[in-house]
Structures are given as structure tokens and as C-alpha cells.
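In: got a predicted structure here, sequence first:
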Protein chains: 2
Amino acid sequence: MAKQTITIYDVAREAGVSMATVSRVVNGNPNVKPSTRKKVSDVIDRLKYRPNAVARGLASKKTTTVGVIIPDVTNMYFSSLARGIDDIASMYNYNIILANSDGDSEKEIRVLNTVLAQQVDGVIFMGHQLSAEVRKEIDLTDTPVVLAATLDEQDELPNITIDYEEAIYDSTALLLENGNDKIALVGMDIDAIKQDLNTAGYKRAIEEAGKSFDESLVVKVSSDRKTLEDVNFADIVLETGATAAVVEDDRFAIILLNQLIEKGINIPEDFEIVSAKNSPLIDMVRPRITSITQPLYDLGAVAMRLLTKLMNDEENDEIHITLPYKFSKQDSTK
Amino acid sequence: MAKQTITIYDVAREAGVSMATVSRVVNGNPNVKPSTRKKVSDVIDRLKYRPNAVARGLASKKTTTVGVIIPDVTNMYFSSLARGIDDIASMYNYNIILANSDGDSEKEIRVLNTVLAQQVDGVIFMGHQLSAEVRKEIDLTDTPVVLAATLDEQDELPNITIDYEEAIYDSTALLLENGNDKIALVGMDIDAIKQDLNTAGYKRAIEEAGKSFDESLVVKVSSDRKTLEDVNFADIVLETGATAAVVEDDRFAIILLNQLIEKGINIPEDFEIVSAKNSPLIDMVRPRITSITQPLYDLGAVAMRLLTKLMNDEENDEIHITLPYKFSKQDSTK
DNA sequence: ACAGATTATGAAAATATTTTCAATGGACAT
DNA sequence: ATGTCCATTGAAAATATTTTCATAATCTGT
């Protein structure tokens, strides 16, 4: 970035007006005589002047940039959200600073602070859970932050979610209806908060069916990408004696499915699977997996839309938005 | 973003030194007496001073920010690259401004210009192809740009690639070895340049086997996400009379596989498939698809590393880097 | 103790915009 | 003519840093 070639000053000189006037036409301020507006616009085109967003940001205290914190772009669940965020962001002329956090609390805090140092006008935070430390860090700033598909224990921060408890309840209920007596609940170990909610929905379904909650049917698996494929879910899950499983993450559901089939187990006759989360991944595998389908793109889009409102201090009556989900009955359940 | 709470000026006053000195300690300049360094650092900690990256960028003409242009974050091939880019970027303390382009030339130019307006220190461009118009736009700036997994017809811009021609050659050769007489080549219609290269590798293999290139075996499919699932690849491909296919994109390979199986065709006995591209997707489906495995993460990482060199005007002896690929023989071929 | 060399520090300019406030100019009514 | 009002314009301050250059402080060797 060499000393900027064409500045607002060059345009002003060339057009015979002041910088203030150039600034006005660049920003669409109506208080400019049409003839001067035209004159200035012509010079801008001729010189190919492009306003320096950094100088702008300094002078105006608005960077038209938002920070997006994502556990891992490589995870289709989150990248689908990110796509919704970016589309709405560019619709409102915002740029996205993206940072991967690996869902690691320490890294989340680090990247949050780096995006804040960049003077972003707002932040969208996606995470598996919102840890107390991150929560504290968010409270420290007055830059608006909205959570996308991320639960906050206190439920105070603006967020866009679906009703996870209900979704898990539905999933469990279906498996119960199909006559399964022992149903495993498979989730990630780091998902503490959602986990609890999930466990709640699972528990509620179990108990409403007149059975009692059995802790040993809850299987927690590491989310470490490297070991994803190596862990033998199938054995772990089968050991519980379950004949069906509600799996929180579709990647896990797929791996479980493939491993079970490899063992010669028939899906859904011998074992039923419901995934509590979808991503485009789930459409790729056969037999098709029954799953909760969350409006991923919309979760991101609505989160970004809410953020634009917060950034403009618009009336923010609704800072907690729950989007509806669907239940997609497929071939991994009877 | 209210008037910044704590500025360098506050720290200077509080520590009884000048702004210049605070700037020095913040930037690790060695010309500061250890005792004053300590004094200033203490004040920084006490006041929780966080340097304003925008003011910094204006004064120093470095934003420590790079623009990343990606067709679609939702495409795992590219998001895997993006992850490599981000990891190396944060290793070198750069931030990422991410923009989706949909591989659309007009949008590519638009987002390129918006990231340039943000005064990024460099740009990583990922695309299916590099159109002439985009090429021209890139030539207009002197901000360094590196292409990741994207071919430039003139082969002048810095780029990180694998040998696509060779990869397609290998894929085709295997299918020929397996005794296939008619092999379809399935690719995206927008992939003009790579397409040619692919066609070249395909052609070369065919001709080396003493057969002649048959245009009718080249099947181009739209990359439009919405219609991805609707198009009936299987019929289109089977109509060519082929008994095997080299598919450029793993998403297409998977859809083709699933559609063929649905038709009762046995893979690989009745039909063989090789995917010329991998992404984490490909590991999810059964039977496992034989494919070229590109070092996706590394392509991104190396591209970003090269960009850091270009941004620092280091000796850039190698601006064209070709990474090795592997061939993963699986169950969709005999 | 002193010259010279180095190290440490500060004042002020520079960075490219926006924003505020004052000034100018023209139209229109009197 | 003259004053009033509104639209238009410009000058200069403000924004939070880095950087340059000059000066002050400290050290080193005699």
C-alpha cells in the first residue's frame, strides 16, 4: 500500500471544489448543486478515485465492517450460516472479517479482541457453547454482538436460535414411537450448555413415555477433527445396548451410520438413527438420514439483519429470535 | 464505535511519556529504556488500552488485513483452502476479510474492489477460472494478489496449484487400464480454463491408449447449486454409452454415484467413477469413491505464506508453486 | 572531567477522510 | 434597492496512530 495514488484532495483540486464537497457527493449528501455533483462525479470517474476506507473509518468512526467468529469454516453447518451472514452483510454494504476459533474459549477471546481492535461495527458470534469467560469478554465491549445458533446460559445477549430442546424431544419421541426401548443420545463433549438442553429434551421425551432416564445411554464423543474417523462410534454406541440413537451432529451421525453398515447392521431395521442437526452433508449419504433440518442460511441471515439494526440503534424490540425447524423423516428410521 | 475510550494519548499522559514512546513499546521497538517500557506496559494493562487498528492503518499504510475472495464458503473444497489461509494468516498476525463471489466474474470484480477499498495489504483469490475481465482488474492494482487453486491462462500472476492436466491424465489412465472403452468426462460449464486443461489430460490419456478423442463423451453440467440435485446426471452420462466417468468435482461424483445406485447399477462392476477433486465430503459416502486427493489445506496455507512474502517485498523467486497430489484408489473403481 | 558516541525521548508532521460551523450567493418578497 | 431565507460551499478541526527529525540523556574511553 504505497502512498495512496488518488485522494479526495486530488479530486477536489481537479474539480475546482473543496474536499468537503467531494465528500458530500461520494456519500450521496443531497446538499450539492446538481451541476457540481456532475462535475465532481466526472472527475471521480476520470481519475478512478476510490475512497480510502481506513481514513473514512477513522474520521467517521464507522468501518462498515463486522467480525464473524466461527468455530471452523470447514464445518458445513457453520459455513452455511456464514453464507447467510455474508449475503445480508453485503446487501447492507458491510464487509466481513472472518476468524476461526475452533470453538476454543481461549482462542475465541483472542479473535474477539482482534476483531474489536479492527474497530468492527458489530460482531456475529457462532460457537458450540458460550463459555463464561467469553461471555464476560463480550460484556466488556459496547460493540453490538449477536449470537447465531449459539446458546447463552443467561439468555441475555441478542441471539438467533431454534428450539433445541423441542427438536431433541421430537427426535426422541419418534424413536420411542417406533418401539425402541433403549435410545442412545450421542453428543459432543464440548457442547456443555446445548448438551444440557439436549439432554433435557431427550429426558422429557423418555419420561413422558413412562420410562426412566438412564445416564449410561448418553454417549459423549470428542469433536477433535483428527480423531473423528478413528473413533469407533459403532462399538461405543452398541455397547450401551441401544437400538436407536439421537445424534447431535450430522457428521457424527454419518460416521455412525457408515460404521454400523460396515458391521453388517441393517439400517433402519436393526438400528435407527436420527440426526438432530443437518447440513448439506446429510443429503450426500445413503440411506438418507432422518434429521432435524434447521434453516441454517436463515439463521445467519436473520442474525446479520438483527445486527444491522443494533448497529444503527434502531428499535430492537426483538433481540431473541427463535426460528422454526423442520423434521425430515427419511430412511434411517422405520 | 463511540469516541474511543482509551487512546494512546491517555496512556502517554498517565505514564508521563510522549505518544511516540507509547507507540514504541506497543510496537516492540527496542529503543526504549527497560524501566520506561515497564512503566508504560503497566499503564497499558491498567487502562486496558487496545490500539486502534484503523488509526494505525492510516498512519502506517499497513492494515495487516488480507482480502480472501472465495466462490462459496459453503463449498468444502474452497472452505478447506480458506482454513489453511486463515491459519497461516493468523500465524503472521493478519486478519481475513472474506467475500463470496459465486465464481461470477462481475461479482468477483465488485468484491475485489471492495476489499481493495478496505486497503488490504494483499489478496488471495480463489475461483473456478480467472476471467479476462477479472484478470484486467487485478493488473490495475499494485496490491499483491495470489491465486489459490485457480488457473491463470497467461500464468503470470503468483499462484499455487496442482498439476491438473496430469491429475486428469492419471484418472483417465486408470479407467483405461481397467478396460473401459468409453469414458465420460464430467465437468462444470463455467470451468472454461481448467476444463481445457482437464480435457487436455483426458485427451492425452485416451490418445496414448491408441483411441481417439470423442467429443460426445464430454458432459458439462451447470454448477448452479439449486439445480444440483435435480439434474439427472445418471441418465445424461449413461446416454453417452460410457462405462466409466472422470468427474471433476466431488459433489458431482457423489450425486452421480447415488443416482446410478438408485438405478440399480453396480459400482464399480457395471460403472466406474473417479473424482478428480476431493474434499472432506468424499469420505462420507459409500462405496468410497476413488479420487485425486489434493492437499487443500496446504494449497491455502502455501498461498498465504507466499502472500506474506510478497507483502514484505521479500525475494519472491518462486511465484508459481505446484504442490503434489495423491491418487486414492477406493471402491468406485475395479 | 570531558569529548564523542550512542541511546532514549519528545514535538510535530503526516496519514485521508468526515464533520462542524461559518460564510457566500441567489431568489424572492417587500 | 434591501433584507431574509435557504441552498450551497469551503476552511479547518477532528480522528488515533506512526514516523521523522531534533534534542536530551547516558555511557565510554581517555
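Out: Yep, it's here.

In: so where do the strands sit in the stretch 151-300 of chain A?
Out: With DSSP state E, counting those that start in this stretch, the ranges of strands along the stretch 151-300 of chain A come out as A:159-162, A:183-188, A:218-221, A:244-247, A:272-275, A:290-293.

In: check the offset of stretch A:274-281 from the chain's centre.
Out: Relative to its chain's centre, stretch A:274-281 lies at 14 Å (C-alpha atoms, centre = their mean, to the nearest Å).

In: just stretch A:42-57 next, same as before
Out: For stretch A:42-57, the distance to the chain centre is 34 Å (C-alpha atoms, centre = their mean).

In: counting neighbours, what do you get for A:G241?
Out: Using other C-beta atoms under 10 Å in any protein chain shown, A:G241 is surrounded by 12 other residues. Every residue, glycine included, has its C-beta placed from N, CA and C.

In: from what I see, it and A:N180 are in contact.
Out: No: counting by C-beta atoms under 8 Å, A:G241 does not reach A:N180; the two are 11.1 Å apart.

In: just give the nearest non-adjacent residue to A:V32, would you?
Out: A:R24 (5.0 Å; C-beta to C-beta, 6 or more residues apart in numbering or on different chains).

In: looking at this, that neighbour is in a strand?
Out: No: with DSSP: H, G, I helix; E, B strand; the rest coil as the criterion, A:R24 is located in helix rather than a strand.

In: now A:V218: how far from DNA strand C?
Out: A:V218 sits 54 Å away from DNA strand C, going by C-beta to the nearest atom of the strand, to the nearest Å.

In: what sits against that residue?
Out: By C-beta atoms under 8 Å, 6 or more residues apart in numbering or on different chains, the residues touching A:V218 are A:184-185, A:187, A:199, A:202.

In: same deal with A:I282?
Out: A:250, A:253-254, A:275, A:288-289, A:291.

In: again, 6 Å this time
Out: A:I282 is in contact with A:250, A:289, A:291, counting by C-beta atoms under 6 Å, 6 or more residues apart in numbering or on different chains.

In: quick one: contacts for the last one?
Out: Shown in contact with A:S291 (C-beta under 6 Å, 6+ apart): A:275, A:278, A:282, A:328.

In: can you count the residues close to the second one?
Out: So that's A:N278. For A:N278, which is what you asked about, the neighbour count (other C-beta under 10 Å) is 23.

In: same thing with A:I70?
Out: 28.

In: which residues does it bridge with?
Out: A:N100 (DSSP bridges).

In: please tell me I have it right and it contacts A:F78.
Out: Yes: the pair A:I70 / A:F78 is scored as a contact, 5.0 Å apart, by C-beta atoms under 6 Å.

In: what is in contact with the two at once?
Out: Joint contacts of A:I70 and A:F78 (C-beta under 6 Å, 6+ apart) are A:M126.

In: about what we covered before: between the contacts of A:V218, which is closest to DNA strand C?
Out: Nearest to DNA strand C among the contacts of A:V218, counting by C-beta to the nearest atom of the strand, is A:G187 at 47.6 Å.

In: can you list the low-confidence ranges for chain A?
Out: Within chain A, the stretches with pLDDT under 70 are A:1-4, A:189-195, A:223-231.

In: so which bits of it are right by DNA strand D?
Out: A:16-21, A:24, A:30-36, A:55, A:58-59, A:61 (C-beta under 7 Å from any atom of the strand).

In: A:K33 is in contact with the residue nearest to A:V32, correct?
Out: No: in this structure, A:R24 is not within contact of A:K33 by C-beta under 6 Å, at 10.4 Å.

In: thinking again about what came up before, neighbours of the residue nearest to A:V32, just the number please.
Out: 18.

In: ok, it to A:V247 distance?
Out: As for A:R24, its distance to A:V247 is 58 Å (criterion: C-beta to C-beta, to the nearest Å).

In: tell me the buried residues in stretch A:301-313?
Out: By neighbour count on 16 or more other C-beta atoms under 10 Å in any protein chain shown, the buried set for stretch A:301-313 is A:301-311.

In: now stretch A:113-132
Out: A:114-131.

In: what's the offset of it from the middle of its chain?
Out: The chain centroid and the centroid of stretch A:113-132 are separated by 12 Å under C-alpha atoms, centre = their mean.

In: likewise for stretch A:288-301?
Out: 11 Å.

In: show me what counts as buried in that stretch.
Out: A:288-301.

In: sorry, back to before: out of the contacts of A:S291, flag the one nearest to A:I162.
Out: Among the contacts of A:S291, A:N278 lies closest to A:I162 (C-beta to C-beta), at 11.0 Å.

In: please tell me how far the closest one sits from DNA strand D.
Out: 44 Å.

In: could you do A:E208 as well?
Out: In terms of C-beta to the nearest atom of the strand, A:E208 sits 57 Å off from DNA strand D.

In: nearest residue to that residue other than its sequence neighbours?
Out: Closest to A:E208 by C-beta to C-beta, 6+ apart is A:A173, at 7.8 Å.

In: A:D42 too?
Out: Per C-beta to C-beta, 6+ apart, closest to A:D42 is A:A15, 7.8 Å.

In: surely the one you found meets A:V43?
Out: Yes: contact criterion C-beta under 6 Å: A:A15 and A:V43 qualify, at 4.3 Å.

In: who's in contact with the residue lying closest to A:I289 once chain neighbours are set aside?
Out: Nearest non-adjacent residue to A:I289, counting by C-beta to C-beta, 6+ apart: A:S332, 4.4 Å away. Neighbouring residues of A:S332 by C-beta under 6 Å, 6+ apart: A:267-268, A:273, A:287, A:289-290.

In: give the contact list for the residue of the stretch 201-334 of chain A found nearest DNA strand D.
Out: Closest contact between the stretch 201-334 of chain A and DNA strand D, by C-beta to the nearest atom of the strand, is at A:M311 (17.8 Å). Neighbour list for A:M311: A:121-122, A:144 [criterion: C-beta under 6 Å, 6+ apart].

In: in JSON lines: those, plus secondary structure.
Out: JSON lines is the format used below for the contacts of A:M311 (three-state DSSP):
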{"residue": "A:D121", "secondary structure": "coil"}
{"residue": "A:G122", "secondary structure": "strand"}
{"residue": "A:P144", "secondary structure": "coil"}
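
In: ok, so of the residues you listed, who is nearest DNA strand C?
Out: Using C-beta to the nearest atom of the strand, the contacts of A:M311 come closest to DNA strand C at A:D121, 12.7 Å.

In: ok, what's across the strand from the residue nearest to A:E248 when sequence neighbours are not counted?
Out: Spatial nearest neighbour of A:E248, excluding adjacent residues (C-beta to C-beta, 6+ apart): A:G187 at 4.1 Å. Taking DSSP bridges as the rule, A:G187 bridges to A:K220.

In: doesn't A:V247 make contact with A:G187?
Out: No: between A:G187 and A:V247 there is no contact under C-beta under 6 Å: 7.8 Å.

In: higher neighbour count, these two?
Out: The neighbour comparison of A:G187 against A:V247 (other C-beta under 10 Å) goes to A:V247, with 29 against 24.

In: how close does that one get to chain B?
Out: 14 Å (C-beta to the nearest C-beta, to the nearest Å).

In: swap in A:V32?
Out: 22 Å.

In: what's the local residue count around that residue?
Out: Around A:V32 there are 18 residues (other C-beta under 10 Å).

In: ok so it is a strand residue?
Out: No: secondary structure of A:V32 (three-state DSSP): coil, not part of a strand.

In: quick one on the thing from earlier: when you check chain B, which of the buried residues of stretch A:113-132 turn up near it?
Out: A:117-119 (C-beta under 6 Å from any C-beta of the partner chain).

In: quick one on the thing from earlier: switch the contacts of A:V218 over to a markdown table; also include distance to DNA strand C.
Out: Formatted as a markdown table, the contacts of A:V218 follow (distance: C-beta to the nearest atom of the strand, whole Å):
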| residue | distance to DNA strand C |
| --- | --- |
| A:A184 | 57 |
| A:L185 | 53 |
| A:G187 | 48 |
| A:T199 | 50 |
| A:Y202 | 52 |
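
In: among those residues, which one sits closest to DNA strand D?
Out: Checking the contacts of A:V218 one by one against DNA strand D (C-beta to the nearest atom of the strand), the nearest turns out to be A:G187, at 42.6 Å.
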